[in-house]
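> kindly generate the corresponding structure for this input.
(one chain, ligands or ions: 1)
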Amino acid sequence: MEDDVLQFYEEMVGDYHLIFADWKQGVLWQGEVLDRLIRAQAEEPAVSVLDCSCGIGTQAIGLAARGYRVHATDISAASVERARREAASFGVSATFGVSDFRELTARVEGMFDVVISCDNALPHLSSDDDLLAAARNMKEKLRPHGLLLASIRDYDQVASERPRSTLPRVFDDPEGRRIVFQVWNWSADGKSYRLHQFIITEERQGWRTAHYTTCYSILLRDDLSRILTEAGFSEIRWHRPEESGYYQPIVTARKV
Ligand SMILES: C[S@@+](CC[C@H](N)C(=O)[O-])C[C@H]1O[C@@H](n2cnc3c(N)ncnc32)[C@H](O)[C@@H]1O
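Residues are numbered from 1 along each chain as shown. Sure thing, here's the model as predicted:
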């Protein structure tokens with residue numbers, strides 16, 4: 001499964017921003033929303049953030065722009081490289097590294113006030129043992145009373161519906177239109193699905209279709225809460241989109 005995940009993000013790296021209406025605007029908006037949540041949850045003003053699944057930098061750059069000292073890592077070296085370039089283009093400073101979030105203790109130096117993993121990175125792991133390893137590594141990188149913040153897709157909602165696809169979103173770019181949607185192939189037991197990401201862009205000669213594929217496990221909120229408890233986190237709280245303003249449920253948890 002890991003090779004599949006890595007290949008998905010390495011192949012998609014140049015197109016990743018295209019799944020957002022306006023990625024650059026999204027970066028600043030995510031920084032604002034997450035900053036508000038961190039301020040509301042942190043016991044003391046948070047200064048340092050480790051984004052351990054930073055991708056091309058969506059949250060890392062947004063939080064660096066809000067004044068946090070950010071170290072950003074990801075399993076995909078190509079994504080980290082792009083995040084580094086994007087941070088420079090935003091004029092923000094952050095440091096970067098490559099790491100699987102199950103190996104943070106071995107690969108990342110220092111301790112952080114906040115560790116984040118946003119936009120459904122954890123459900124790429126396929127077993128409780130892997131999730132527990134990730135949660136323990138994230139906890140090890142937090143200073144005492146530090147805050148973990150992770151967002152996942154609302155699988156509690158989709159698990160029973162087993163949707164076959166997402167609705168297409170059509171964006172009007174200056175160069176032409178862009179259509180973005182996903183097709184999901186469910187496993188027989190309903191515990192995982194293969195995602196097919198389609199990005200169709202209108203070009204002068206016609207339409208270009210980009211297709212990327214990977215696997216996700218269905219990670220329910222109670223299951224992630226149980227794993228965080230087992231990893232030793234306390235004060236585990238779920239923040240619904242209506243409350244946080246974010247587009248996915250967010251869990252926060254504290255290192256005791
Ligand atoms: C949906 S993307 C989100 C990226 C970024 N947080 C954002 O919102 O743009 C999920 C990210 O998780 C990373 N990822 C998946 N498995 C990982 C692992 N085991 N360790 C670290 N990063 C991982 C992927 O490489 C990818 O960049």
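> could you report the pLDDT at the closest residue in space to G232 that isn't next to it in sequence?
Leaving aside its sequence neighbours, G232 sits nearest to K139 (Cβ to Cβ, 6 or more residues apart in numbering; 5.9 Å). All C-beta spots, glycine's among them, are computed from the backbone N, C-alpha and C. For K139, the pLDDT comes out at 98.
> which residues does V183 form a beta bridge with?
With DSSP bridges as the criterion, V183 is bridged to S165, H196.
> for it, grab the count of nearby residues.
Counted with other Cβ atoms under 10 Å, the burial measure for V183 works out to 16 neighbours.
> which pLDDT value goes with whichever residue of the stretch 51-200 of the chain sits closest to the ligand?
Going by Cβ to the nearest ligand atom, the ligand is nearest to G55 of the stretch 51-200 of the chain, at 2.6 Å. Here the pLDDT value assigned to G55 is 98.
> which SS class is P163?
coil (DSSP: H, G, I helix; E, B strand; the rest coil).
> my guess is it contacts W184. True?
Yes. At 6.4 Å, P163 counts as touching W184 under the criterion of Cβ atoms under 8 Å.
> what about the stretch 101-250 of the chain, any weak spots by pLDDT?
Along the stretch 101-250 of the chain, no part satisfies pLDDT under 70.
> am I right that L131 falls within a strand?
No. Going by three-state DSSP, the assignment for L131 is helix, not a strand.
> tell me the contacts of it?
By Cβ atoms under 8 Å, 6 or more residues apart in numbering, the contact set of L131 is 122, 125, 219, 224, 227.
> narrow those to those in helices?
Here DSSP state H is the test, and the contacts of L131 give 224, 227 as lying in helices.
> could I have the buried ones of the contacts of L131 as ChimeraX selection syntax?
A single ChimeraX command is used to select the members of these judged buried by 16 or more other Cβ atoms under 10 Å:
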select :122,125,219,224,227
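> about what we covered before: before we move on, what SS does the residue of the stretch 51-200 of the chain closest to the ligand have?
Once three-state DSSP is applied, G55 turns out coil.
> next up, phi/psi of the residue nearest to G232, please.
phi -60, psi -40 (degrees, to the nearest 10).
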